[in-house]
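1. just the structure for this:
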Amino acid sequence: MYPASTCCCHVRGEASRRGNGWYSWFIRSALRRLTPLLVSLGKEVGYSIRSEDVTDSTTILNYMTNGMLLREAMNDPNLERYFTTILDEAHERTLATDILMGLLRRIVLTSSWLSCRPPLMRSSFRNTSTFVLMRQPHYLKSPGRTHPVEIFYTQDPECNFEEAAINTVLMIHRAKDPGDILLFLTD
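-> Numbers count the residues shown, from 1 in each chain. Sure, this is the predicted structure:
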């Protein structure tokens with residue numbers, strides 16, 4: 001009998017190195033993903049971070065950080081609790097990600113029950129040779145669309161960056177041809 005759980009391990013590059021801000025972002029991200037599913041948080045779907053574990057024995061899908069999966073692997077080296085493991089943003093190449101990929105490779109090569117259910121690695125990385133760790137890897141390519149991008153910076157720091165950002169968007173909207181504007185703001 002296979003375990004019925006799935007581990008979805010998120011690796012978010014620079015965000016994963018920001019400390020507690022990363023954890024609060026992670027919780028908000030997990031909650032946004034769960035809301036449309038109409039499931040009980042911590043029951044069917046849960047999350048695990050360093051300071052909080054919202055799962056129980058009935059949890060089917062567990063969102064967690066790569067550090068939490070490494071911690072679980074110390075107690076369960078073959079990750080037998082999970083039916084499958086999904087590494088998101090696997091191309092980020094952090095120390096923890098590299099260790100996890102090596103661990104998953106060892107599991108695939110030595111565990112008979114998992115060899116037919118290999119881990120999934122999600123990445124926007126175009127060079128798939130990084131992932132030839134696994135036995136007979138299969139690739140699913142989903143080509144994305146690229147659009148021309150212009151990046152604008154202010155000359156001087158802004159004391160009210162939100163207002164300055166809104167004014168800049170309005171200025172671009174009035175001065176440029178119709179198109180899309182994508183604005184990134186910090187929390």
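
2. please tell me how far Asn167 sits from Ser57.
-> Asn167 sits 53 Å away from Ser57, going by C-beta to C-beta, to the nearest Å. For glycine as for every other residue, the C-beta is placed from the backbone atoms N, C-alpha and C.

3. ok, Thr85 next?
-> Counting by C-beta to C-beta, the gap from Thr85 to Ser57 is 19 Å.

4. neighbour count for the two, which is higher?
-> Thr85 (24 against 6; other C-beta atoms under 10 Å).

5. now that one, which residues is it bridged with?
-> When bridges are called by DSSP bridges, Thr85 pairs up with Cys7.

6. I'd say it and Leu69 touch.
-> Yes. Counting by C-beta atoms under 8 Å, Leu69 is a contact partner of Thr85 at 7.3 Å.

7. any stretches of this structure with poor pLDDT?
-> Applying pLDDT under 70 to the chain flags residues 1-38, 90-93, 112-145, 187.

8. how about the strands in it?
-> Per DSSP state E, the chain carries strands over the ranges 5-10, 45-49, 52-54, 61-65, 82-88, 120-122.

9. which strands and helices sit next to the fourth one?
-> What it means is strand 61-65. strand 5-10, helix 20-34, strand 45-49 (3 or more C-beta pairs under 8 Å, 6 or more residues apart in numbering; DSSP states H and E).

10. please report how far Met101 lies from Thr94.
-> In terms of C-beta to C-beta, Met101 sits 11 Å off from Thr94.

11. with neighbour numbers in mind, choose between the two.
-> Shown here are Met101 and Thr94; by other C-beta under 10 Å, Met101 has more neighbours (19 against 16).

12. so who does the residue lying closest to Ile60 once chain neighbours are set aside touch?
-> Among residues not flanking Ile60 along the chain, Glu44 sits closest, at 5.1 Å (C-beta to C-beta, 6 or more residues apart in numbering). By C-beta atoms under 8 Å, 6 or more residues apart in numbering, Glu44 lies in contact with 37, 58-61.

13. swap in 7 Å and give it another go.
-> 59-61 (C-beta atoms under 7 Å, 6 or more residues apart in numbering).

14. let me have these in CSV, extended by neighbour count and distance to Thr154.
-> Formatted as CSV, the contacts of Glu44 follow (neighbours: other C-beta atoms under 10 Å; distance: C-beta to C-beta, whole Å):
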residue, neighbour count, distance to Thr154
Thr59, 21, 46
Ile60, 14, 47
Leu61, 19, 42
